[in-house]
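*Asks:* What would the 3D arrangement of this be:
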Amino acid sequence: MDAAEIQRLLDSFDMQLAEGRIDLATYQELSGRWRARLGEAPAAAAPPPPPPVIPIEQDVEAVKVSCPNCGGSLEDSTPGSDGMHECLFCGHSYRVQSAKAKLQEELQQWLGQYVSEQARSTVVDSASRSVIFQDKLLPSLERDFDRLFENVDGYREHPLIELPLASRFGPAFSGGLLSTRRDLLAPVKSLSTRLQSPALRDFAVKDEGKRRLERMERRITEILHVANALEQTQRPYAEGANGALRSLGAIRTSYIESFDEAGPEEQAFLRAVLARIEAAETSLTVLRDIEAGGDLPGESLATRLDQAVERYREAIGMAEASGHSPLETVPWQRGAQRELGLVQLHAGLLRAYEEAAGAGVSSYPKFQSDVLGFVQAADLPLSEPAELEVTVLQLGEIVSAARGDSGLPRVRDWNWVDAAVEDRRRKAKFGFMGVNEEVASVVRCWRPFWAASVSYSQASGVVLRSGAAAQAFLLLDALDRRQAQISRVPLDAGWGPQIQSALGRPAADSLLTLPALVDRQRAQRMLEASVRGNPQFPNGRVKVEGVLWLPSVVAHYQSKEGARAEEVIPIESYRADIQSIRGATARFRQSVLGS
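*Replies:* The predicted model follows:
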């Protein structure tokens, strides 16, 4: 037999020992004899003793004890006088010996499926352990790892932490399955136990096997601690923030430890991951400081969140430029972008709260409850935090203006009201035909519109006059997110001069003022779309000036057929069904201002 054939025979002895088909004495006799034929060792000499594999049922260190609830390590727990340990990540209390016994039992059952009793309870050389690991243990682990990620697929598309009002936007913004289905984490914790087990690591003889275990362990650690952070941030501010900070610290440590072994592209991505964690930690410290009590410095805290937002943007840019696998970077960027939106919303809430606090709002949670009440009562369709952010900031501004602390641009002309209300009143013909209504009451309020100037080529007959330009104002109803309700106002006639004047002269007013629900970017898109290709505005160019409040009234009419209410406003196009928004604003104002 040639050397290659003898080597294949020796490999078969390793497999037979691993599967329990031959005992150790037979293995040593056969392998020694054939190694002598290869000239590797004298026939009478036994192979050098390999490192021992201690039976796991006798080794108290064969498992790494962790929290049964969240998988946090024993080192990250606080022992109590009653023998219980409290996990610093999730607050769960457990007994070490009970947890250890359960983990040992689970590990033994799993190993028993792939490793014979002979191999687990005797001295086995490194070659045999390597074969067992490569052919049995590693494939099982990687299969379970892949199945696990199918169940929690897309977790990286969600935020790392949950911030105020995040649940309003659905699972995509509040952690998805990781925050609502803790039962899905049971197999995650089980796999984590196996990956961290010294008994398993003893089978991973080669460096490549060890690296594959470490990669799986790192992703498992990330899932467990992201789930912890999401759960913790649903608790009261300081308590939850501190727990979430510890979880993010564990994720950071895991990635820092793996940095040197990563390739250049993966290292670039890991820098983005660490930058995002830094931004999330800044956001959590703001949450923690909110519960410090006393006067809440909304603007100061919001400024810190602005810094976090910039760090998020840097992290997203770093991930995009990293060159790392899109399978990892693309969902991660989605999650970071959603988290950024929530942090921006939180900053807006704090700024609006500072405005409302001057009116006597008792607490930040109370203000959030008022905002949520407004959203529900107004029946606002919200799909992302940016849509709520503009509303929150507007609510803060109208509270401040109602209190007289600041002003809003208003066209302060009510002279048209009597004639317009009379014009809308139904009148009987010839004194007896039809309905003859009377005006019961007229209720005033301020209604928001986006004002934009539009420049376009001026036409003379059917020919455009070269170099000549005309201008007008466009008013977009800021209460309608679904449809562009736009009115054209001449620049130098009608309300044109008053609009021009109002844009530069904000004024305070205690009259009910409705908040703008359309943000600047959406307004810009709507206005540009209305001008593009419109024959009224050849070569039109739109410049959004800002939000403007116009006088509006609801006229209540009475007749023998009953009561009727109609909104009256002297422009061409506006949303008519705003009763819910008007009522929601009045209730929000009553809650905040008491009037």
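*Asks:* Which stretches in the stretch 351-500 of the chain count as helices?
*Replies:* Taking DSSP state H, counting those that start in this stretch as the test, the helices found in the stretch 351-500 of the chain are 364-378, 385-403, 417-424, 496-503.
*Asks:* Which one, of these, ends up nearest to residue 563?
*Replies:* With respect to residue 563, and counting by C-beta to C-beta, the nearest of the helices of the stretch 351-500 of the chain is helix 417-424 at 14.3 Å. Heads up, the C-betas are built off the backbone N, CA and C, glycines and all.
*Asks:* quick one: residue 554 from residue 447, how far?
*Replies:* From residue 554 across to residue 447, the span is 10 Å (C-beta to C-beta, to the nearest Å).
*Asks:* returning to that earlier point: residue 589 is nearest to which of the helices of the stretch 351-500 of the chain?
*Replies:* Closest of the helices of the stretch 351-500 of the chain to residue 589 is helix 385-403, at 6.7 Å (criterion: C-beta to C-beta).
*Asks:* okay, residue 554 and residue 447: which has more neighbours?
*Replies:* Neighbours were counted for residue 554 and for residue 447 using other C-beta atoms under 10 Å; residue 447 has more, 25 against 18.
*Asks:* and that one, bridged to which residues?
*Replies:* For residue 447, the beta-bridge partners are residue 550 (DSSP bridges).
*Asks:* Hmm, residue 514 and it touching each other?
*Replies:* Yes - between residue 447 and residue 514 there is a contact at 5.5 Å, judged by C-beta atoms under 8 Å.
*Asks:* just the strands in the chain please.
*Replies:* Along the chain, the stretches classed as strands by DSSP state E are 77-79, 84-87, 93-95, 408-409, 438-460, 463-477, 486-490, 506-507, 541-559, 562-568.
*Asks:* got the buried residues for the last one?
*Replies:* So the one you mean is strand 562-568. With burial defined by 16 or more other C-beta atoms under 10 Å, the residues of strand 562-568 counted as buried are 564, 567-568.
*Asks:* Packing partners of it?
*Replies:* Applying 3 or more C-beta pairs under 8 Å, 6 or more residues apart in numbering; DSSP states H and E, one finds that strand 562-568 contacts helix 417-424, strand 541-559.
*Asks:* Of these, which is nearest residue 94?
*Replies:* Nearest to residue 94, of all the helices and strands packed on strand 562-568, is strand 541-559, at 55.6 Å by C-beta to C-beta.
*Asks:* That closest one to strand 562-568, inter-axis angle?
*Replies:* Taking axes from the mean of the first three to the mean of the last three C-alpha atoms, to 10 degrees, one finds that strand 541-559 is oriented at 160 degrees with respect to strand 562-568.
*Asks:* Tell me which residues touch residue 489, please.
*Replies:* Residue 489 makes contacts with 472-475, 495-496, 499, 571, as judged by C-beta atoms under 8 Å, 6 or more residues apart in numbering.
*Asks:* quick one: which of those residues has the most company?
*Replies:* Counting neighbours by other C-beta under 10 Å, the top entry in those is residue 474, with 26 neighbours.
*Asks:* ranking the helices and strands packed on strand 562-568 by burial, who's on top?
*Replies:* strand 541-559 (a mean of 19; mean count of other C-beta atoms under 10 Å).
*Asks:* just checking, what packs against it?
*Replies:* Helices and strands touching strand 541-559, by 3+ C-beta pairs under 8 Å, 6+ apart, are strand 408-409, helix 417-424, strand 438-460, strand 463-477, helix 496-503, helix 520-531, strand 562-568.
*Asks:* export that strand as PDB, just CAs?
*Replies:* Output in PDB follows, covering the C-alpha atoms of strand 541-559 (Å, rounded to 0.1, in the frame of the first residue of the first chain):
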ATOM      1  CA  ARG A 541     -40.500  77.900 -11.000                       C
ATOM      2  CA  VAL A 542     -41.800  77.500  -7.400                       C
ATOM      3  CA  LYS A 543     -40.300  79.000  -4.300                       C
ATOM      4  CA  VAL A 544     -42.000  77.900  -1.000                       C
ATOM      5  CA  GLU A 545     -42.100  80.900   1.400                       C
ATOM      6  CA  GLY A 546     -43.600  79.400   4.500                       C
ATOM      7  CA  VAL A 547     -46.800  78.600   6.400                       C
ATOM      8  CA  LEU A 548     -49.400  81.300   6.400                       C
ATOM      9  CA  TRP A 549     -52.600  81.400   8.500                       C
ATOM     10  CA  LEU A 550     -55.700  82.800   6.800                       C
ATOM     11  CA  PRO A 551     -59.000  83.800   8.500                       C
ATOM     12  CA  SER A 552     -61.700  81.100   8.400                       C
ATOM     13  CA  VAL A 553     -65.200  80.900   9.800                       C
ATOM     14  CA  VAL A 554     -67.700  78.200  10.400                       C
ATOM     15  CA  ALA A 555     -71.200  79.700   9.900                       C
ATOM     16  CA  HIS A 556     -74.100  78.000  11.700                       C
ATOM     17  CA  TYR A 557     -77.400  78.400   9.900                       C
ATOM     18  CA  GLN A 558     -80.900  77.600  11.300                       C
ATOM     19  CA  SER A 559     -84.100  76.900   9.500                       C
END
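*Asks:* Check the average confidence over that strand, would you?
*Replies:* Per-residue pLDDT over strand 541-559 has a mean of 94.
*Asks:* Run through the stretch 201-350 of the chain and note the low-pLDDT ranges.
*Replies:* Low-confidence segments of the stretch 201-350 of the chain (pLDDT under 70): 291-295.
*Asks:* just the helices in it please.
*Replies:* According to DSSP H, counting those that start in this stretch, the helices that the stretch 201-350 of the chain contains are 207-232, 237-258, 264-290, 298-321, 326-357.
*Asks:* For the shortest one, give me every contacting residue.
*Replies:* Think helix 237-258. 72, 76, 88-91, 160-161, 214-215, 218, 221-222, 225-226, 228-230, 232-235, 270, 273-274, 277, 280-281, 284-285, 287-288, 290-292.
*Asks:* rerun that using 6 Å as the cut-off
*Replies:* Applying C-beta atoms under 6 Å, 6 or more residues apart in numbering, the contact partners of helix 237-258 are 88-89, 161, 218, 221-222, 225, 228-229, 232-233, 270, 273, 277, 280-281, 284, 287-288, 290-291.
*Asks:* Those residues, buried ones only, as a PyMOL selection?
*Replies:* Burial among these is assessed by 16+ other C-beta under 10 Å; the matching PyMOL selection reads:
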select buried, resi 88+89+161+221+222+225+228+229+232+233+270+273+277+280+281+284+287+288+290
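*Asks:* Could you report the neighbour count for residue 246?
*Replies:* Close neighbours of residue 246, defined as other C-beta under 10 Å, add up to 19.
*Asks:* next one: residue 260
*Replies:* Per other C-beta under 10 Å, the neighbour tally for residue 260 reads 7.
*Asks:* Residue 583 versus residue 374, what's the distance?
*Replies:* Distance of residue 374 to residue 583, given as C-beta to C-beta: 10 Å.
*Asks:* Ignore what I typed, I meant residue 452.
*Replies:* Residue 452 sits at a distance of 29 Å from residue 583 (criterion: C-beta to C-beta).
*Asks:* the more surrounded of those two?
*Replies:* When neighbours are counted by other C-beta under 10 Å, residue 452 comes out ahead of the other of residue 452 and residue 583, with 24 against 13.
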